[in-house]
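Novice: turn this into a structure:
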Amino acid sequence: MISHLALYDVVGTPGVAADLAHIDTPARVTAHTGDAELGAALAGAALVVIPAGVPRKPGMTRDDLFNINAGIVATLAQGVARYCPLALVAIISNPVNSTVPIAAEILKAAGVFDPRKLFGVTTLDVVRARAFVAEAAGVEAGAVDLPVVGGHAGVTILPLISQAKPRVGLPLATVAALTARIQDAGTEVVTAKAGKGSATLSMAYAAARFANSCLVALAGGEGVVECAYVACSDAPAGAPFFARRVSLGPSGIAASLPLGPLSSPEISGLDALAGELAASIDKGAEFGRAWVAKQGG
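Specialist: Numbering: from 1, shown residues only. This is a model prediction of the structure:
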C-alpha cells in the first residue's frame with residue numbers, strides 16, 4: 001500500500017534507507033537528513049509516523065524524556081503543517097500524553113489542525129494487554145481482544161479487561177495484577193535490557209500494525225478500528241485528549257466509539273488517571289504555545 005517511503009532523521013538516514021530498499025515491495029525508498037531536507041521528506045505525505053526521540057533508560061520516567069523529545073516533536077509538527085497539512089499524523093515519541101498536545105498546538109497555530117487526523121499511537125498497550133490476558137487465561141496468544149483507554153503512561157493506561165472478547169472470567173486479584181503489569185510493561189523491558197535500550201521490537205510491531213490500519217483506511221477500507229490517543233470533547237473528566245477505540249476512514253477518524261460498560265475497578269481506574277492525564281496534557285499544550293510564541297506565531 002506504500003508507493004513512496006520517505007525517511008527522515010538528523011543522522012544515519014541513508015543506511016536505513018539502503019537496508020529497507022532491499023525489501024521486495026513496490027515502494028520507492030528515499031533518505032533525507034537534517035533540517036534542510038525535512039521539507040522534501042514530508043512533501044505530499046499521506047501518513048506521517050513520528051517515532052523520533054531518545055529512548056527511556058533505567059530509572060527514567062516518560063516525563064524525564066519531555067525536554068528532549070518535546071522540541072523534536074514540535075519541529076516535526078511544524079514541518080507537517082508546512083509541507084503536508086492534510087496527512088494523518090501518528091505520534092509514537094514519548095511522553096505521548098504530552099507530545100500529542102504539543103503537535104496539536106503547533107498545527108492549531110498554523111491553522112491546519114484537524115482532530116480527525118492526529119493520533120498518539122497506544123497500540124503497544126493493546127498488544128501487551130492481549131498477550132498478558134491470553135497468557136493468564138490459558139488461551140492462544142492473539143485470541144483475546146480488548147480495548148485499552150486513557151493515556152500512554154503508568155496509571156493513565158487502563159485496560160478494560162471486563163470487555164475482553166472472548167470473556168476470560170479472571171479473578172479480581174488476577175485482573176488487578178494484570179492491569180498493574182500492563183501499566184508498567186515498558187519499565188519491565190527497560191529493566192530486562194539492563195540499560196541497553198527500551199521496547200523497540202514490540203513497539204515496531206505495534207507501530208506497523210497501526211500504520212497498516214491507517215493505510216487500509218486511507219485506501220477506503222471499512223471496519224478499521226484501533227485504540228489511539230486522540231482529541232475528543234466527550235472524554236471522562238473532560239480531558240481534551242484520551243485514548244479510546246476509534247473507527248478509521250479516508251479522512252482519519254470516522255467515529256469515536258463509546259467506552260461501553262465498565263467494571264467497578266475500571267471506574268476507579270478512570271478516577272485515578274484523571275489528574276495525571278490532565279497535568280500531562282497541560283504540560284504539552286503549554287510547551288506548544290510557548291514554542292509557537294518563540295517562533296513568532
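Novice: which strand or helix spans the closest residue to Trp291 other than its chain neighbours?
Specialist: Nearest non-adjacent residue to Trp291, counting by Cβ to Cβ, 6 or more residues apart in numbering: Ala74, 4.6 Å away. C-beta here means a position set from N, CA and C on the backbone, and glycine is covered the same way. For Ala74, the element it lies in under DSSP states H and E is helix 66-83.
Novice: so what strands line up beside the following helix or strand past that helix?
Specialist: Where DSSP H and E defines the elements, the next helix or strand beyond helix 66-83 is strand 88-91. Paired strands of strand 88-91, with direction, are strand 47-50 (parallel), strand 118-120 (parallel) (DSSP bridges).
Novice: wait, what's in contact with Cys214?
Specialist: Going by Cβ atoms under 8 Å, 6 or more residues apart in numbering, Cys214 touches 47, 88, 90, 119, 248.
Novice: helices along the stretch 151-297 of the chain, start to end?
Specialist: Using DSSP state H, counting those that start in this stretch, the helices of the stretch 151-297 of the chain run over 172-183, 185-192, 201-218, 264-294.
Novice: give the residue spans of this structure that score low on pLDDT.
Specialist: The model of the chain has pLDDT under 70 over residues 55-58, 60-63, 297.
Novice: quick one: furthest residue from the center of it?
Specialist: Each residue of the chain has a distance to the centre, and by Cα atoms, centre = their mean the biggest one is for Pro171: 30.1 Å.
Novice: do you know how far that one is from Ala177?
Specialist: The gap separating Pro171 from Ala177 is 10 Å, by Cβ to Cβ, to the nearest Å.
Novice: give the contact list for the nearest residue to Ala235 once chain neighbours are set aside.
Specialist: Of all residues not flanking Ala235 in the chain, Phe242 sits nearest, at 3.5 Å (Cβ to Cβ, 6+ apart). For Phe242, the contact set (Cβ under 8 Å, 6+ apart) comprises 149-151, 229-230, 232, 235-236, 277.
Novice: may I have the beta-bridge partners of Phe242?
Specialist: Counting by DSSP bridges, the residues bridging with Phe242 are Val230.
Novice: re earlier: could the contacts of Cys214 go into a markdown table alongside distance to Gly142?
Specialist: As requested, these are exported to a markdown table (distance: Cβ to Cβ, whole Å):
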| residue | distance to Gly142 |
| --- | --- |
| Leu47 | 25 |
| Leu88 | 26 |
| Ala90 | 22 |
| Phe119 | 23 |
| Leu248 | 21 |
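Novice: return the member of these nearest to Pro261.
Specialist: Nearest to Pro261 among these: Leu248, at 23.8 Å, using Cβ to Cβ.
Novice: deepest of the strands paired with strand 88-91, which one?
Specialist: strand 118-120 (a mean of 28; mean count of other Cβ atoms under 10 Å).
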